[in-house]
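K.L.:
Predicted model and sequence below, questions to follow.
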Amino acid sequence: MGTVIQLKNQINNSYFQLKESLENKLLLVEEKIKTRLSSDVELVQKMTDYHIETGGKRLRALLTLGSAKMCGYTKGTRDINLAACVELIHSATLMHDDVIDNGSIRRGKKTLNKIWDNHSSVLVGDYLLSRCFEMMVEDGNNEVLKLLSSTSSKIAQGEVLQLQHQGEVDMLEETYLKIISAKTAELFAASTKIGAILSNMKNKEKEALEFYGRNLGLTFQIADDTLDYNSELKLFGKKIGQDFYEGKVTLPIILLFQKANKEERDKLKEIFSKKVRSENELVYTLSLIKKYNVIKGCYQKAEHYINLASNSLSLFNDCEEKSILENLTSFSLARNF
């Protein structure tokens with residue numbers, strides 16, 4: 001059981017502390033999302049209602065609210081509106097992801113594309129993005145508008161880059177990091193930087209929060225990718241092997257390919273070159289991951305980004321929110337390992 005269970009038992013309550021400290025604002029974010037997704041088109045309303053009901057951690061919204069509070073933003077509702085914006089961007093990317101990956105389960109429930117169809121899911125994802133951009137324009141801050149529009153562009157490019165390298169087991173680690181930085185870390189970085197923008201902080205504070213969010217996002221995605229190959233931990237509503245069956249090459253496979261012998265590397269190339277992979281091939285891959293202690297290697301990589309994230313908050317005054325955000329880095333890793 002080792003590291004996995006130890007980490008599971010050591011999950012700190014920083015996420016829940018952050019959620020509790022911002023509970024009233026988070027409820028307003030939920031209400032804002034629900035109101036802005038209202039539609040006269042029956043199918044759009046049904047699909048958005050279903051998506052909202054599936055829930056989620058709302059971590060990106062909490063990062064916006066928490067960073068704004070840490071920076072001293074106390075008056076107005078711009079933090080609520082922009083926290084809703086980052087969640088809408090995230091939700092739209094999930095809808096598009098499920099179509100690209102032919103996903104069937106999200107947060108323990110059937111995906112929109114499986115209940116309805118791919119065409120509707122893509123269009124409703126676009127609808128969420130359009131509502132988000134309406135809210136960004138209404139906010140009236142050009143810096144926020146530039147940040148979130150740029151972030152949306154980078155996320156889309158990250159998706160394309162991942163498709164371009166699908167099945168490449170000899171992918172460079174640098175390429176993998178470029179993919180997850182665009183797909184995941186950019187929105188984390190934007191979520192935290194918004195807090196500093198709302199509070200009219202200086203550039204160094206904005207850059208520090210952006211750096212914090214980006215490294216938190218990298219930790220989060222590495223942890224999520226590693227979960228897919230962690231045979232000891234079948235939690236959090238995600239089936240083991242989902243990325244494997246979809247042919248996605250993530251950090252566990254990259255590190256495994258680096259350590260494997262020639263015969264094993266040839267076998268891995270053969271497996272990932274197929275359009276469909278079998279359960280026996282997953283079992284074989286998991287046995288190699290265990291043989292070469294790949295999970296530990298992924299943990300060590302993630303730990304590097306944890307330290308970068310935590311250290312970047314040193315220039316902010318000590319307060320409850322700062323302490324929670326520092327500890328949140330441990331949650332992002334432990335939740336999945």
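P.N.:
Structure received.
K.L.:
list the helices and strands the helix or strand hosting residue 154 packs on?
P.N.:
Secondary structure from DSSP states H and E places residue 154 in helix 142-164. In terms of contacts (3 or more C-beta pairs under 8 Å, 6 or more residues apart in numbering; DSSP states H and E), helix 142-164 is packed against helix 78-100, helix 118-139, helix 173-180, helix 186-198. Backbone N, C-alpha and C define where each C-beta goes, glycine included.
K.L.:
Save the ones you listed as TSV, and put in mean pLDDT, distance to residue 226 and mean neighbour count too.
P.N.:
What follows is the helices and strands packed on helix 142-164, written out as TSV (pLDDT from 0 to 100; distance: least, C-beta to C-beta, whole Å; neighbours: other C-beta atoms under 10 Å):
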stretch	mean pLDDT	distance to residue 226	mean neighbour count
helix 78-100	94	18	23
helix 118-139	94	27	18
helix 173-180	97	12	17
helix 186-198	97	17	28
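K.L.:
I'd like to know which of the ones you listed lies nearest to residue 154.
P.N.:
Residue 154 sits nearest to helix 186-198 of all the helices and strands packed on helix 142-164, at 4.7 Å, using C-beta to C-beta.
K.L.:
and the angle for that closest one with helix 142-164?
P.N.:
Counting by axes from the mean of the first three to the mean of the last three C-alpha atoms, to 10 degrees, helix 186-198 lies at 170 degrees to helix 142-164.
K.L.:
I'd like the next helix or strand past helix 186-198.
P.N.:
Counting by DSSP H and E, the element after helix 186-198 in chain order, helix or strand, is helix 203-227.
K.L.:
For the helix holding residue 154, what is the distance to the chain centroid?
P.N.:
Here the centre of helix 142-164 is set off from its chain's centre by 14 Å, with C-alpha atoms, centre = their mean, to the nearest Å.
K.L.:
about what we covered before: make TSV from the helices and strands packed on helix 142-164 and add distance to residue 296 to it.
P.N.:
Compiled in TSV, these are given as follows (distance: least, C-beta to C-beta, whole Å):
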stretch	distance to residue 296
helix 78-100	28
helix 118-139	37
helix 173-180	16
helix 186-198	24
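K.L.:
Any idea which of those helices gets closest to residue 147?
P.N.:
Comparison of these against residue 147 by C-beta to C-beta identifies helix 186-198 as nearest, at 5.3 Å.
K.L.:
Now do that closest one: which elements does it pack against?
P.N.:
With contacts taken as 3+ C-beta pairs under 8 Å, 6+ apart, helix 186-198 sits against helix 59-70, helix 78-100, helix 142-164, helix 203-227.
K.L.:
For residue 322, give its distance to residue 98.
P.N.:
Using C-beta to C-beta, to the nearest Å, one gets 36 Å for the distance from residue 322 to residue 98.
K.L.:
if I read this right, residue 100 contacts residue 158, doesn't it?
P.N.:
No. Using C-beta atoms under 8 Å, residue 100 makes no contact with residue 158, being 11.8 Å away.
K.L.:
Send me stretch 199-212 as CSV with only the CA atoms.
P.N.:
Taking Å, rounded to 0.1, in the frame of the first residue of the first chain, the C-alpha atoms of stretch 199-212 are listed here in CSV:
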residue,chain,number,x,y,z
SER,A,199,-7.1,44.3,-5.6
ASN,A,200,-5.0,46.6,-7.7
MET,A,201,-1.8,45.0,-6.6
LYS,A,202,1.6,45.7,-8.1
ASN,A,203,3.0,43.7,-10.9
LYS,A,204,5.2,41.6,-8.6
GLU,A,205,2.2,40.5,-6.6
LYS,A,206,0.3,39.7,-9.8
GLU,A,207,3.2,37.7,-11.1
ALA,A,208,3.7,35.9,-7.8
LEU,A,209,0.1,34.7,-7.7
GLU,A,210,0.2,33.8,-11.4
PHE,A,211,3.4,31.7,-10.7
TYR,A,212,1.6,30.1,-7.7
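K.L.:
what does it contact?
P.N.:
Counting contacts by C-beta atoms under 8 Å, 6 or more residues apart in numbering, the residues outside stretch 199-212 that touch it are 67-68, 71-73, 189-190, 192-193, 195-197, 308-309, 312-313, 315-316, 325.
K.L.:
and that stretch, how far from the chain's centre?
P.N.:
Distance of stretch 199-212 from the chain centroid (C-alpha atoms, centre = their mean) equals 21 Å.
K.L.:
Give the buried residues for that stretch.
P.N.:
Neighbour counts using 16 or more other C-beta atoms under 10 Å place 199, 201, 205, 206, 208, 209, 210, 211, 212 of stretch 199-212 among the buried residues.
K.L.:
if we can go back for a sec, mean confidence (pLDDT) on the helix holding residue 154, please.
P.N.:
In this model, helix 142-164 has a mean pLDDT of 95.
K.L.:
Contacts for that helix, please.
P.N.:
So helix 142-164 is contacted by 82, 85-86, 89, 93, 96-97, 100, 129, 132-133, 136-137, 139, 175, 178-184, 186-187, 189-190, 193-194, 197, 248 (C-beta under 8 Å, 6+ apart).
K.L.:
Alright, that wraps it up for me.
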